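Colleague: give me a 3D structure for the following:
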Amino acid sequence: MRATTGISAAATAVLLLSSTSAFAVDAQAFGERLKTLVQNGEHSMSYSSAEADGENVILKDVSFGEDSDVGDLTFENVAGSTPEGWTVERLAFPELDQTEDGKRAQISDVSIEGLMLAGTDTANAPAAMKLSSFFFDKATIGSINLARDGKTVFELSDASMENEVGDSGSLATEVNVGAFTADLTTGDSPEATQAIRDVGYETISGSLNGSANWEPESGLLELDPFLLSVEDAGELSFTYAISGYTTAFADSLSQLQEQMASNPDNQQATGMAVMGLISQLSLNSADITFTDESLTGKLLDYYAKENGQSREELVQNLTAMLPAVLGYLQNPQFQEKVTGAVTTFLNDPQALSITIAPENPIAATQIMGAAMGAPQTLPKVLSLTVDANADAK
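Modeller: Predicted coordinates:
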């Protein structure tokens with residue numbers, strides 16, 4: 001009985017060891033697939049060896065390009081294969097601290113969660129993988145610090161990007177660059193540095209964030225909003241919506257990029273293919289709005305002083321130039337509206353908006369045709385308006 005039990009235990013141990021070996025991740029295959037995809041994106045990557053540690057893959061001595069030595073990277077809980085694609089639960093990058101010619105770069109707490117690498121069999125690939133060979137659920141950067149000659153010129157903290165795939169295959173993306181601070185007086189031009197000081201923006205601080213959504217079945221791609229905010233300067237908001245960006249369009253775009261990379265000299269065929277793709281897109285809406293906090297007034301005061309004028313005289317000169325600038329549109333009515341809006345804004349800087357809001361999506365080819373053949377119709381085709389101080393906070 002004891003002998004039988006001993007044999008059974010030994011057999012079980014051998015079976016477990018064999019199973020572990022059989023189902024261990026193929027580190028070399030994973031590393032080569034990652035390297036191939038990076039190189040397909042016109043970048044270079046190298047590593048000295050690939051090792052499996054259970055379900056983890058460790059790539060040794062990783063570098064991107066000639067001057068970007070990353071060191072060892074550990075990809076946690078790797079699964080999949082090159083044909084079907086690879087998944088990685090988490091990848092944490094080592095801290096970077098490099099100094100060269102008086103310039104120092106420090107980057108810390110960089111990680112990627114839910115990383116996916118496209119496989120060679122794309123028939124059943126999710127729609128999100130049509131946009132890129134890489135996909136991830138979340139990426140974060142704890143901090144970035146750039147210094148020159150011991151003086152910090154740029155700082156950024158708590159940046160993140162999150163992607164979420166819906167049940168219908170939709171892709172929602174949230175980007176938050178976090179808080180940043182930049183020293184604008186460290187350039188090589190003394191004249192430019194003095195001008196920056198005179199305007200009053202030696203150092204700027206702010207934030208940048210945005211959200212986007214893609215519906216692959218309908219082809220609707222929206223950015224709403226992209227928001228850049230700079231303290232004591234202003235806020236720039238940009239939104240748009242286009243249609244026609246379907247999975248079929250994404251496939252065609254990917255194929256065109258591959259053709260351009262393999263045959264860059266065939267410009268005529270490339271141009272025709274690009275036009276064919278553009279013809280599938282339509283513009284649904286767009287808006288760009290600048291909300292002023294002090295930037296416009298400071299710039300007007302600076303240039304008025306430089307020109308030996310009063311601020312009011314400078315505004316009069318600027319608005320007097322607008323009819324000539326807008327003359328190519330050959331649309332006096334629209335020209336008058338724009339001139340009025342800009343004049344209102346310069347005299348009382350609050351907010352300036354440019355909005356495109358057609359009742360129905362406008363085909364890209366129709367926009368191009370109007371721009372080249374009948375520019376005077378563009379404002380009507382696009383339902384284009386320019387407003388001042390309408391959305392001021």
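
Colleague: so, low pLDDT: which residues of the stretch 251-393 of the chain?
Modeller: 391-393 (pLDDT under 70).

Colleague: can you pull out the strands in it?
Modeller: In the stretch 251-393 of the chain, strands defined by DSSP state E, counting those that start in this stretch lie at 282-292, 351-356, 362-363, 384-388, listed in chain order.

Colleague: show me the contact partners of the shortest one.
Modeller: Counting by Cβ atoms under 8 Å, 6 or more residues apart in numbering, the neighbours of strand 362-363 from elsewhere in the structure are 279, 281-283, 381-382. For glycine as for every other residue, the C-beta is placed from the backbone atoms N, C-alpha and C.

Colleague: 7 Å instead, please
Modeller: By Cβ atoms under 7 Å, 6 or more residues apart in numbering, the surrounding residues in contact with strand 362-363 are 282-283, 381-382.

Colleague: using TSV, lay out those residues together with neighbour count and distance to Asn77.
Modeller: What follows is the contacts of strand 362-363, written out as TSV (neighbours: other Cβ atoms under 10 Å; distance: Cβ to Cβ, whole Å):
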residue	neighbour count	distance to Asn77
Ser282	21	42
Leu283	20	43
Val381	17	53
Leu382	20	50
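
Colleague: dump those residues into CSV; add distance to Gly150 as well.
Modeller: Below are those laid out as CSV (distance: Cβ to Cβ, whole Å):
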residue, distance to Gly150
Ser282, 53
Leu283, 49
Val381, 55
Leu382, 51
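
Colleague: for Asp158, state which of these is nearest.
Modeller: The shortest approach to Asp158 among the contacts of strand 362-363 belongs to Leu283, at 34.1 Å (Cβ to Cβ).

Colleague: gap between that closest one and Tyr328?
Modeller: With distances taken as Cβ to Cβ, to the nearest Å, Leu283 is found 21 Å from Tyr328.

Colleague: where does pLDDT dip in the stretch 51-200 of the chain?
Modeller: Using pLDDT under 70, the stretch 51-200 of the chain has no residue that qualifies.

Colleague: mind doing that once more with 80?
Modeller: Under the criterion pLDDT under 80, the flagged ranges of the stretch 51-200 of the chain are 65-67, 122-131.

Colleague: got phi/psi on the residue most central in space within the chain?
Modeller: With distances taken as Cα atoms, centre = their mean, the residue of the chain nearest its centroid is Val175 (8.5 Å). With angles defined as degrees, to the nearest 10, Val175 sits at phi -120, psi 130.

Colleague: what about the closest residue in space to Glu42 that isn't next to it in sequence, neighbour count?
Modeller: In space, and not counting its chain neighbours, Glu42 is closest to Ala261: 7.5 Å by Cβ to Cβ, 6 or more residues apart in numbering. By other Cβ atoms under 10 Å, 10 other residues sit near Ala261.

Colleague: go on, Gln194?
Modeller: So Gln194, with other Cβ under 10 Å, has 11 neighbours.

Colleague: got it, and Val62?
Modeller: Applying other Cβ under 10 Å, we find 21 residues neighbouring Val62.

Colleague: next one: Thr122 from Ser218, what distance?
Modeller: Counting by Cβ to Cβ, the gap from Thr122 to Ser218 is 21 Å.
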